[in-house]
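[1] Let me see the structure of the following:
(2 chains)
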Amino acid sequence: MLAGHLLSMLIWLPIVGGFAVMALGTGRDTPAKWLSLLVASATLALSVPLYQDFRTGTAAMQFVERVAWIPSLNSQFYLGIDGISLPLILLTTFTTLLIVIAGWTNVAKRLGEYFAAFLILEGLMIGVFAALDGILFYVFWEAMLIPMFIIIGVWGGPRRVYATIKFFLYTFIGSVLLLIALIYMYLKSGSYDLGVFQRMPLSLTEQTFIFLAFFAAFAVKVPMWPVHTWLPDAHVEAPTGGSVVLAAIMLKMGGYGFLRLSLPIVPDASRELDWLMIALSLIAVVYIGFVALAQQDMKKLIAYSSIAHMGFVTLGSFIGYRILAHSGATAGIQMGLDGAMVQMISHGLVSGAMFLCVGVMYDRVHSREISAYGGVVNTMPIFASFMVLFSLANSGLPGTSGFVGEFLVILASFRANVWYAFLAGTTLVLGAAYTLWLVKRVIFGAVTNDKVAALEDLNGREFLVLGLLAAAVLLVGLWPAPLLEVMQASTRHLVQQLLATKIVP
Amino acid sequence: MSFSAANFNAGLAYARPEIFLGIAACAILLLDLLLTDAQRHWIGVLAVLSLLITALLAAGQPVSGRIIALGGMFELDRMAQVLKVVSLLIVALVFIYSTDYLRRRAILKGEYYVLGLFATLGILVLISAANLITVYLGLELMSLCLYAMVAFDRESGKAAESAIKFFVLGSMASGTLLYGMSILYGVTGSLQLSEIAAALHNGLAANVGILFGIAFIIVGVGFKFGAVPFHMWIPDVYEGSPTCVTLFIGSAPKIGAFALAMRLLPEGLGFSQPDWSQMLVVLAVLSLAIGNVVAIAQSNLKRMLAYSTISHVGFILLGILSGTAQGYQAAMFYTITYVIVATGSFGMILLLSRQGFEADMLTDFKGLNVRSPWFAGLMAIHMFSLTGLPPFVGFWAKLGVLQAVLSVNDTWLAVVAVLFSVVGAFFYLRVVKLMYFDEPTDVAVIGGSVLMRTMLSTNALVVFALGMVPSALLVLCQRALP
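    Below you'll find the model as predicted:
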């Protein structure tokens, strides 16, 4: 019985747990903390059998649950996962537990509500990755905005209200167009089943409009240039945990949307408009890389670096059509998709870790300005080692997770056009430049001021969080095979889907 | 339709809820004379009880298909039954919320309840109207009571001003509607909605006179709904009235307006649907635009909710103008759920108000989460529902309307509607922002009787529950308008 409802338990356990934590009321921080830790650990524990019992080698949906929900709309509570959603769900449960541990002592007010918001958010995010019904997907997709809106608005920095409303409205405006596209396909097919959407024939004009509607929703979420401007604001103002969730998981939803909805549902329009996706991705990689170089605020710098890294995800997802056009062969298309997926997981780990590192320093110095630091290595040697490791991963050093995804995507780009690969390859220089320069200014050098001189190194809790992340980053970097194995059947299937035409002559 | 005494007596049975409510209202009016001020609160109890009994009577009526009774004046169908039960329950809820408020402001008078009961009777008559005369009768009974209710607090100059404005504009709208009706009568020779429909079916739909009549009728309907450009009264009346009256005006009369539109347009003038749809397109788009954009500039919560009403009316009109059964169902679902949410939101203002203090400014909600996390949460549910965010019921309402609009290939209307609801999201979010992100300036303990608190909580939880499982209400609306 338990095994049959694993996905709904993964969704509902944190949501119900979150409400339970909220029900404890304000001022009862200690029970709230422990209950949150319990719920987050239990959710992570529940996601382990998901991985163990997952059958690799098939692209079919697994752990499927299908219950009638709203018969009059022909919408179902329909869940299931494949190799594309599984790694993202694992990333979600892992990250949420880390956030709970990281927020243990350094949330100034309303601790219970803080944890409750993250737990509810976790359930909703898992819902997005597991939903196979269009309306269900949209419900999770939108409902997620509410806890994030509250998290940034309540626990954020000085300009939090501006940042959170900007975040909300940006994502909301993209999503409503997605809703219209979903309704349109429902009226045509009579079902909200995403599988039906993937199989239904659509003319090129219809596909183009649907593609653009999807694009509005997903490009804002990724975020792609030029609709990325909400992200630096949201990151700068969000509390550490909020930044981590935003960077590690929420951005992935855009990438996931492209893989789950855009490519299989409107393959012909994707083929027609791949120039747009590739152009915007390369702009994100190159231009945003330069923008990151100019930042004075650590969180802003990492935010821009996130945009640049997510450019690889969209590039890898859409490079396939160019490979086919250039070489006439389909080899390499899957490599691009695999690269995009690995990049998403890797970026989830690395950017989450980077934001946690900034959080560690911010908790002590209360500044995010790069100029407020210098010579941190002298007072926090252990922390400095972690920070350097994550920075190297962020700049794509071989042996870390950051390398695998970027390498696969650049290799795939080579098969399409040398210049794409060249432009994408600039990230190896730019990424190293802005990340290592950040490290040089913050970590190394002489101690610049009294505050840095008074810094204390990591406590056990912080060490645990960063240590787990470091282990994950190295694991994916040195031995990506298990991850690739999980996803490959699904990406192979996706290659077939994106190459098929849905235009009925 | 032959008119015989036997038929008439049989027909009376169908109007049992209306008859009971009429008698109860008169009895309460008389009883009010005999009570001392200390006993006055019994009026409220009796009013709520009679509403609940009426609701039971209405719910208990066996309805199959469309029953025309009382010499063709009265119509009972599933839509009428559902709308009546919902209106009665909503008014009962409104009375529960108001009692506390009236007592704390020392304006607890029998008139409020008696006028409210008669207005409800008007709404019931309107819902069951099968003849232009009955339509007008119900409409005027409702409107006249509302005019008086706005002014019932004699000490308030602002309320008196609102009442006059409401009365003058409302009378003009009623006159226009009447004029449209008379044109219809002139062209078709009948006041009976079914006969008007038949006349249109037999070739009169192309008559220019009908088109004129429709134009006037749309003005009347637009006014009662508060659709742009006939919305001028809404913000002033909402702001100027005592909040318990605003609550009343913002709730059940919207159902009345929906019934008015449904009886006149699809039922009576269904064959001219392309004509009135085009007129409604203008009204709907303008309402969405003006309602959502102007609401941003408001600092008074009652006024903001007034503009928000206007924007939601735009959505309801979108459902009606699609001209399909699916569209009517969506509009009905939208109306019912909107009324539930609006009642809850105004109820929150009543809860925070107290002796000598009206919590009708947006800033009065500052830091509500610190003062009471529970009620802040409830208000947030209402605001997110008005925004149209899942998992709250407002999302399903919008989804239904969008489906209806897209199914008749008016994609641009759907895009306009969603883009303006993004604009609308801003001012609902601002309320959430004030409650959660700001520190409280007002630290008074939140009052309200246990009953009121319980009902307010139930109200918001219903919004939440309907958002999680909207099926039952969706099916109810589907069966009401097959």
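[2] Pass me the low-pLDDT residue ranges in chain B, would you?
    B:1-6 (pLDDT under 70).
[3] Get me the contact residues on it for chain A.
    Listed as neighbours of chain A in chain B under the rule Cβ under 8 Å from any Cβ of the partner chain: B:373, B:384, B:389-391, B:395, B:399, B:402-403, B:406-407, B:411, B:414-415, B:418-419, B:421-422, B:425-426, B:429, B:432-433, B:436-437, B:469-471, B:474-475, B:478. In this view, the C-beta of every residue, glycine as well, is placed from N, C-alpha and C.
[4] Now restrict these to buried residues only.
    B:373, B:384, B:389-391, B:395, B:399, B:402-403, B:406-407, B:414-415, B:418-419, B:421-422, B:425-426, B:429, B:432-433, B:436-437, B:470-471, B:474, B:478 (16 or more other Cβ atoms under 10 Å in any protein chain shown).
[5] which stretches of the chain form strands?
    Just so you know, I chose chain A. Taking DSSP state E as the criterion, chain A carries its strands at A:62-70, A:75-81.
[6] nope, chain B please
    All strands of chain B, identified by DSSP E, fall at B:67-69, B:74-76.
[7] In the stretch 251-400 of chain B, what residue spans correspond to helices?
    Taking DSSP state H, counting those that start in this stretch, the helices of the stretch 251-400 of chain B run over residues B:252-262, B:269, B:273-295, B:301-321, B:325-352, B:368-371, B:373-387, B:393-407.
[8] can you check the stretch 301-450 of chain A too?
    Under DSSP H, counting those that start in this stretch, the stretch 301-450 of chain A gives helices at A:320-327, A:333-365, A:376-379, A:381-394, A:401-416, A:418-442, A:450-453.
[9] can you give me the angle the first one makes with helix A:418-442?
    Orientation note: helix A:320-327 sits at an angle of 130 degrees relative to helix A:418-442 (axes from the mean of the first three to the mean of the last three Cα atoms, to 10 degrees).
[10] hmm, who's touching helix A:320-327?
    By Cβ atoms under 8 Å, 6 or more residues apart in numbering or on different chains, the residues outside helix A:320-327 that reach it are A:270-271, A:274, A:278, A:329-333, A:336-337, A:412, A:415-417, A:420, A:495, A:498-499.
[11] hmm, 6 Å instead?
    Residues outside helix A:320-327 that contact it (Cβ atoms under 6 Å, 6 or more residues apart in numbering or on different chains): A:271, A:274, A:332, A:333, A:336, A:415, A:416.
[12] Ok, the fourth one next?
    Counting contacts by Cβ under 6 Å, 6+ apart, the residues outside helix A:381-394 that touch it are A:350, A:353-354, A:357, A:376-377, A:400, A:402, A:435, A:439, A:443, A:457-458, A:466, A:470, A:473.
[13] Helix A:401-416 and that helix, what's the angle between them?
    Using the same axes, to 10 degrees: helix A:381-394 against helix A:401-416 is 10 degrees.
[14] Could you give the average pLDDT over helix A:381-394?
    The average of the pLDDT scores along helix A:381-394 is 90.
[15] Can I get it in CSV? Just the C-alpha atoms.
    Output of helix A:381-394 as CSV, limited to C-alpha atoms (Å, rounded to 0.1, in the frame of the first residue of the first chain):
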residue,chain,number,x,y,z
PRO,A,381,40.5,27.9,7.0
ILE,A,382,38.0,25.1,6.9
PHE,A,383,35.3,27.3,5.4
ALA,A,384,37.8,28.6,2.9
SER,A,385,38.5,25.1,1.7
PHE,A,386,34.9,24.5,1.1
MET,A,387,34.4,27.8,-0.6
VAL,A,388,37.3,27.2,-2.9
LEU,A,389,36.0,23.7,-3.8
PHE,A,390,32.5,25.0,-4.7
SER,A,391,34.0,27.9,-6.6
LEU,A,392,36.1,25.5,-8.7
ALA,A,393,33.0,23.5,-9.3
ASN,A,394,31.2,26.7,-10.3
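[16] picking up where we left off before, dump the strands of chain A to a markdown table, plus mean neighbour count.
    A markdown table is the format used below for the strands of chain A (neighbours: other Cβ atoms under 10 Å in any protein chain shown):
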| stretch | mean neighbour count |
| --- | --- |
| strand A:62-70 | 16 |
| strand A:75-81 | 22 |
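[17] Out of those, which is closest to chain B?
    Taking Cβ to the nearest Cβ, strand A:62-70 is the member of those nearest to chain B, at 5.1 Å.
[18] Quick one: check the closest one for contact with chain B.
    Yes. Remark: strand A:62-70 sits within contact range of chain B at residue A:70, by Cβ under 6 Å from any Cβ of the partner chain.
[19] Which strands or helices does that strand pack on?
    The elements that strand A:62-70 packs onto, with contact taken as 3 or more Cβ pairs under 6 Å, 6 or more residues apart in numbering or on different chains; DSSP states H and E, are helix A:6-23, strand A:75-81.
[20] The same query, at a cut-off of 8 Å, please.
    helix A:6-23, strand A:75-81, helix B:471-480 (3 or more Cβ pairs under 8 Å, 6 or more residues apart in numbering or on different chains; DSSP states H and E).
[21] Quickly note the distance from residue B:74 to chain A.
    Distance, residue B:74 to chain A, by Cβ to the nearest Cβ, to the nearest Å: 30 Å.
[22] and the residue lying closest to that residue once chain neighbours are set aside, backbone torsions?
    Closest residue to residue B:74 apart from its sequence neighbours, by Cβ to Cβ, 6 or more residues apart in numbering or on different chains: residue B:128 at 5.4 Å. Main-chain torsions, residue B:128, degrees, to the nearest 10: phi -100, psi 20.
[23] Also residue A:501?
    phi -110, psi 140.
[24] Any idea how many residues pack against the nearest residue to residue A:29 once chain neighbours are set aside?
    Residue nearest to residue A:29 in three dimensions, not counting chain neighbours: residue A:111, with 4.5 Å by Cβ to Cβ, 6+ apart. Neighbour count of residue A:111, defined by other Cβ atoms under 10 Å in any protein chain shown: 23.
[25] Quick check: residues of chain A near chain B?
    Counting by Cβ under 8 Å from any Cβ, the residues of chain A near chain B are A:22, A:25-26, A:69-73, A:113, A:135, A:138-139, A:142-143, A:145-146, A:149-150, A:153-154, A:160-161, A:164-165, A:168-169, A:172-173, A:176-177, A:179-180, A:183-184, A:186-187.
[26] Make JSON lines out of the helices of the stretch 251-400 of chain B and add distance to residue A:128.
    Formatted as JSON lines, the helices of the stretch 251-400 of chain B follow (distance: least, Cβ to Cβ, whole Å):
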{"stretch": "helix B:252-262", "distance to residue A:128": "35"}
{"stretch": "helix B:269", "distance to residue A:128": "45"}
{"stretch": "helix B:273-295", "distance to residue A:128": "28"}
{"stretch": "helix B:301-321", "distance to residue A:128": "26"}
{"stretch": "helix B:325-352", "distance to residue A:128": "25"}
{"stretch": "helix B:368-371", "distance to residue A:128": "27"}
{"stretch": "helix B:373-387", "distance to residue A:128": "18"}
{"stretch": "helix B:393-407", "distance to residue A:128": "16"}
